[in-house]
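> For reference, the sequence and a predicted model appear below.
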Amino acid sequence: MSGCSSTTRPLHDLYRQPDSRWVTGLIRFISASLLMMLIGFHLLPDVGRIQTVFYLTLLPATLLLLVWRRDWAFLRSWQFACFISVPLVLAVSTLWADNSTATVERDISFYFKVLAYFVLFYCALYLVMEQRGDEMLHRWLRWLIVLGTVSCAASLVVYGLDGGFRKLYRIGGISMQNNIDKTAMLYGFHVLFCCYGLSLDSRRWRSLSWLGLGLGCVYIVVSQTKIPIVMAAFAICLAAVVSHSKVLRVLVVLGAVAVLPAAYLLLYGDLPLLHRGAAYSIRLELWAKSLEGFLQSPWIGTGLVHKQFIELDHVLPHPHNYLLDVARFAGLVGVAACLWQLFAVAFIGLRRDQLLNWVPGMYLLWFGFGALAMLIYAQQPLVKPSYIWIFYWIPLTVLLVRNQLVAPVEKAVQNDQQEPSRTRNHQTLESHG
């Protein structure tokens, strides 16, 4: 995989007073705010603190920059329409919801406020990437390697001090409110990002990435969480491809296909994807129960309420499948909006030049595994900044914004390449005429 960079746009004609320090300062501040959110997911124990960072830094700075903005045409794009379709459908569905069915209620204004957060988040990422392009996305990956390694090491130290390596209970981590599945996914993303670090020329980055990959795989094994196990095996194989040493490639592949399953057999007595098999049957029951709500109003759903717990042998807060949760609240209209987003990413990413570049290839992997996790762990996605954002919304927004910025440049290049061919054909016709 190689790197690529997108063309950035000059400030001229985009902002009033484009040469002022005010505009460039706000762009830098928004960029730092986005990075602070990523730091928060890895190091802050409570998601409420991430939301506080979002409210106090990203939102006001983005609003101020939009005030100075002249060109708002970026909001009239199919990429933005695709992004906002799911939050919009879910927010509108609250207008016909029956709050008496809610386990936890929220006023309708709450959902439209969250909808505004989504719009401003898209704007923030667009305004920064418009000026910084792919360089910002490469920088993010390097930051995520460092953050993941530090966070993972701290989690393993805490786990060891608590006697975890003797008892082998499932590890929860230091962030994501100590939730086992969510933190395991966080480090599943981390081991993928480490593969990017292995491709860098710097020996320090390669050493740090090998360390992060090893720590992440240890964490994932003791988390006993299935999708991150698949991610770890995939990352090990990708690391083998990136590695320049044939001997190392053989050792790394053996780690994926032999050492990881053997470790599970030794520690838990069965294979990774067979371990804790009851998790499969519970989810099937949850999904069947959720479909009952969908069948009550299949076209537009029963309307979104903040929490609507599901009762089986015990009470669970949501179906652990975001598509089914959207279906019961917003019906086929909501499902169609979700599918639009998935097909849009497939349209953007399923090209050789996209998949074989670290940017956007790594963000496509991030989104792909995140969407898979959403089908197993998550609820409907109209939420304030939380684990769903790092699973789904952040990589989705990156891919849509990047496509929106790069598509005109790619089209111009294609036209330039086709122009000499058309000229030659015209000259040939004239010579035969």
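Structure's in. What do you need? Numbers count the residues shown, from 1 in each chain.
> list the helices and strands the helix or strand hosting Ile229 packs on?
Taking DSSP states H and E as the criterion, Ile229 maps to helix 226-242. Packed against helix 226-242 by the contact rule (3 or more Cβ pairs under 8 Å, 6 or more residues apart in numbering; DSSP states H and E) you find helix 180-198, helix 203-223, helix 246-254, helix 260-268, helix 358-377. C-beta here means a position set from N, CA and C on the backbone, and glycine is covered the same way.
> tilt between the first one and helix 203-223?
In other words, helix 180-198. Angle of helix 180-198 versus helix 203-223, following axes from the mean of the first three to the mean of the last three Cα atoms, to 10 degrees, is 160 degrees.
> follow-up on the earlier one: with respect to Val305, which of the helices and strands packed on helix 226-242 lies nearest?
Nearest to Val305, of all those, is helix 358-377, at 19.7 Å by Cβ to Cβ.
> just checking, next helix/strand downstream of that closest one?
Using DSSP H and E, the first helix or strand after helix 358-377 is helix 387-388.
> Quick check: closest non-adjacent residue to Gln379.
Spatial nearest neighbour of Gln379, chain neighbours left out: His318 (3.7 Å); criterion: Cβ to Cβ, 6 or more residues apart in numbering.
> Any idea how many residues pack against the one you found?
Using other Cβ atoms under 10 Å, His318 has 19 other residues around it.
> I figured it hits Gln380, correct?
Yes. Counting by Cβ atoms under 8 Å, Gln380 is a contact partner of His318 at 7.5 Å.
> shared neighbours of these two, anything?
Here His318 and Gln380 share the contacting residues Asp325, scored by Cβ atoms under 8 Å, 6 or more residues apart in numbering.
> Just the endpoints, please. Distance across stretch 302-310?
End-to-end distance of stretch 302-310 (Cα to Cα, to the nearest Å): 15 Å.
> Next secondary structure after the lowest-mean-pLDDT helix or strand in the chain?
Lowest by mean pLDDT, DSSP states H and E among the helices and strands of the chain is strand 315-316, with a mean of 63. Next helix or strand after strand 315-316 toward the C-terminus (DSSP H and E): helix 322-349.
> how about low-confidence regions in the stretch 251-400 of the chain?
Scanning the stretch 251-400 of the chain with the threshold set as pLDDT under 70 gives 255-257, 271-281, 312-317.
> Skipping adjacent residues, who's closest to Trp210 in space?
Leu198 (7.0 Å).
> Compute the number of surrounding residues for the one you found.
By other Cβ under 10 Å, 23 other residues sit near Leu198.
> list the contacts for it?
So Leu198 contacts 206, 209-210, 213, 239, 242-243 (Cβ under 8 Å, 6+ apart).
> Quick check: which of those residues has the minimum pLDDT.
The member of the contacts of Leu198 with the lowest pLDDT is Ser243, at 79.
> Go ahead and confirm that residue touches Arg249.
Yes. Ser243 is within contact range of Arg249, at 5.2 Å (criterion: Cβ under 8 Å).
> Between the two, which has more neighbouring residues?
Between Ser243 and Arg249, counted using other Cβ under 10 Å, the more crowded position is Ser243 (20 against 16).
> residues touching that one, list them.
Shown in contact with Ser243 (Cβ under 8 Å, 6+ apart): 198, 249, 252.
> Please report the number of neighbouring residues for the closest residue to Phe309 other than its chain neighbours.
Computed as Cβ to Cβ, 6+ apart, the closest residue to Phe309 that is not its neighbour in sequence is Thr103, at 4.4 Å. Per other Cβ under 10 Å, the neighbour tally for Thr103 reads 13.
> so Thr103 makes contact with Lys307?
Yes. The pair Thr103 / Lys307 is scored as a contact, 4.5 Å apart, by Cβ under 8 Å.
> In a helix, Leu304, correct?
No. According to DSSP: H, G, I helix; E, B strand; the rest coil, the state of Leu304 is coil, so it is not within a helix.
> what angle do the strand or helix carrying Glu135 and helix 203-223 make?
Assigned by DSSP H and E, Glu135 belongs to helix 108-161. Here helix 108-161 runs at 90 degrees with respect to helix 203-223, directions being taken by the same axes, to 10 degrees.
> which helices and strands sit right next to helix 108-161?
On a contact count with 3+ Cβ pairs under 8 Å, 6+ apart, helix 108-161 meets helix 21-43, helix 59-67, helix 78-93, helix 180-198, helix 203-223, helix 358-377, helix 394-432.
> Turn the ones you listed into JSON lines, columns for distance to Gly133.
Shown next, in JSON lines, are the helices and strands packed on helix 108-161 (distance: least, Cβ to Cβ, whole Å):
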{"stretch": "helix 21-43", "distance to Gly133": "12"}
{"stretch": "helix 59-67", "distance to Gly133": "17"}
{"stretch": "helix 78-93", "distance to Gly133": "16"}
{"stretch": "helix 180-198", "distance to Gly133": "17"}
{"stretch": "helix 203-223", "distance to Gly133": "21"}
{"stretch": "helix 358-377", "distance to Gly133": "9"}
{"stretch": "helix 394-432", "distance to Gly133": "7"}
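> Give me whichever of those helices is most buried.
Stretch with highest mean neighbour count among the helices and strands packed on helix 108-161: helix 180-198 (a mean of 26; mean count of other Cβ atoms under 10 Å).
> tilt between it and helix 21-43?
Counting by the same axes, to 10 degrees, helix 180-198 lies at 120 degrees to helix 21-43.
> when you give positions from now on, start the count at 56
Understood, numbering begins at 56; the last thing we discussed is helix 235-253.
> Please work out the angle formed by the directions of helix 235-253 and helix 281-297.
10 degrees.
> and helix 235-253, how far out from the chain's middle?
The chain centroid and the centroid of helix 235-253 are separated by 11 Å under Cα atoms, centre = their mean, to the nearest Å.
> For that helix, the averaged confidence score.
Across helix 235-253, the per-residue pLDDT values average to 96.
> Alpha carbons only: can I get that helix in PDB?
C-alpha atoms of helix 235-253 as PDB (Å, rounded to 0.1, in the frame of the first residue of the first chain):
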ATOM      1  CA  ILE A 235     -15.400  -4.900  27.500                       C
ATOM      2  CA  ASP A 236     -16.700  -5.000  23.900                       C
ATOM      3  CA  LYS A 237     -16.200  -1.300  23.200                       C
ATOM      4  CA  THR A 238     -12.600  -1.100  24.500                       C
ATOM      5  CA  ALA A 239     -11.700  -4.400  22.700                       C
ATOM      6  CA  MET A 240     -13.000  -2.800  19.400                       C
ATOM      7  CA  LEU A 241     -10.900   0.300  20.200                       C
ATOM      8  CA  TYR A 242      -7.800  -1.800  20.300                       C
ATOM      9  CA  GLY A 243      -8.900  -3.800  17.300                       C
ATOM     10  CA  PHE A 244      -8.800  -0.500  15.400                       C
ATOM     11  CA  HIS A 245      -5.400   0.100  17.000                       C
ATOM     12  CA  VAL A 246      -3.700  -3.000  15.700                       C
ATOM     13  CA  LEU A 247      -4.900  -2.100  12.200                       C
ATOM     14  CA  PHE A 248      -3.400   1.400  12.500                       C
ATOM     15  CA  CYS A 249      -0.100  -0.200  13.700                       C
ATOM     16  CA  CYS A 250       0.200  -1.800  10.200                       C
ATOM     17  CA  TYR A 251       0.300   1.700   8.800                       C
ATOM     18  CA  GLY A 252       3.200   2.500  11.200                       C
ATOM     19  CA  LEU A 253       5.100  -0.500   9.900                       C
END
